[in-house]
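> fold the stuff below for me.
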Amino acid sequence: MIDALTIISVAAGAYIATNLDNLTLLVTLQARYRTRLWAVSAGFMASNLLLGALGFWIGTAANNMPVEYLGFLGLIPMSLGVLGVIRMFRGQSGNGATGNEVIDTARAVFIATLITQLSNGTDTVLTFAALFADSTAATDFLIVFTLVGMAALFLLIASYGVRHPALSQWIERNAPRLTPWILIFVGAYIVANTANDMLPD
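Numbers count the residues shown, from 1 in each chain. Below is the predicted model:
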C-alpha cells in the first residue's frame, strides 16, 4: 500500500512539474472559448493520452537497456529541472505556444487545444518515459491511472481558475518557479532505483 502511494505521489509530481505551463494555457483556452468547453476538454484529454502513450512506448523500448542502467534515465527529468532553474534565474520563460489562435468552430478549438498541448509536451514524454522504463508492469498501471486522474484534475482546476482569476494568476506566476524543483525531485527518485523499479532484489 505504501509503495503504491509512493508511485502515485511521484507520478503525480511528475505530471504537475511537466504540465503547469499547460495548465496556464488550458485556463487561457477555456476563458477564450467558453462556448466550446467540451472541445477544449476533449483536446486536452486527447493530448494527454497521446503524450502518455508515447512516453510508455519510449519507456518500453528502453527496457532493452541493461537493468542496472535504467535508473540513470532519471537524469533526463533532473536535467530538465536544472535547465529550468537556470532559466528561472536568468529570467527566461520556458513556455512555448500561447494558445492565442483566433478560431471559433468546435473542431478548430479541439485541434488548436490538441496542438498547443502537444507542442509543450516534450518534457512530459521524456519524464514519463523514464518512469515507465524504471518501473514494473504492475507499477505502469498506477502511473497511467495517475496520469489520467491528474489530467482530469487539471481540467477541474482550469474551470475553477476561469471563474476565479486570482487562482489563474497565482498559477501563471508560480508555475515557472515550482516546475524545475519538482522535476529534479522526480529525477532523483528514478536515479535512486527504489523498491518499485525493475532492479532485482
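> by mean pLDDT, point me to the weakest helix or strand of this structure.
Across the helices and strands of the chain, mean confidence by mean pLDDT, DSSP states H and E is lowest for helix 67-70: a mean of 50.
> which neighbouring elements make contact with the longest helix seen in the chain?
Longest among the helix segments of the chain by residue count, using DSSP state H, is helix 2-32. Identification of packing neighbours for helix 2-32 by 3 or more C-beta pairs under 8 Å, 6 or more residues apart in numbering; DSSP states H and E yields helix 37-62, helix 75-90, helix 106-119, helix 122-133, helix 137-163, helix 165-191. Just so you know, the C-beta spots here come from the backbone N, C-alpha and C atoms, and that holds for glycine as well.
> next one, pLDDT for the nearest residue to residue 52 once chain neighbours are set aside please.
With C-beta to C-beta, 6 or more residues apart in numbering as the criterion, residue 52 has its nearest non-adjacent residue at 4.9 Å, and that residue is residue 147. You'll see residue 147 listed with a pLDDT of 95.
> and what of residue 33?
On pLDDT, residue 33 comes in at 82.
> excluding sequence neighbours, find me the nearest residue to it.
The shortest distance from residue 33 to any residue other than its chain neighbours is 5.0 Å, reached at residue 109 (C-beta to C-beta, 6+ apart).
> for the one you found, give me its contacts.
Contacts of residue 109 were listed using C-beta atoms under 8 Å, 6 or more residues apart in numbering, and they are 29, 33, 36, 39, 40, 43, 103.
> among these, which one has the most neighbours?
The member of the contacts of residue 109 that has the most neighbours, counting by other C-beta atoms under 10 Å, is residue 40 with 29 neighbours.
> for that residue, give its distance to residue 25.
10 Å (C-beta to C-beta, to the nearest Å).
> do the same with residue 164
Summarising the geometry, the distance separating residue 164 from residue 25, computed by C-beta to C-beta, is 17 Å.
> that older thread, do you know which of the helices and strands packed on helix 2-32 lies nearest residue 11?
Using C-beta to C-beta as the measure, helix 137-163 is the one of those that comes nearest residue 11, at 3.9 Å.
> quick one: list the elements packing against that closest one.
Judged by 3+ C-beta pairs under 8 Å, 6+ apart, the packing partners of helix 137-163 are helix 2-32, helix 37-62, helix 122-133, helix 165-191.
> so which of those helices is the most packed in?
Highest mean neighbour count of the helices and strands packed on helix 137-163: helix 122-133, a mean of 25 (counted as mean count of other C-beta atoms under 10 Å).
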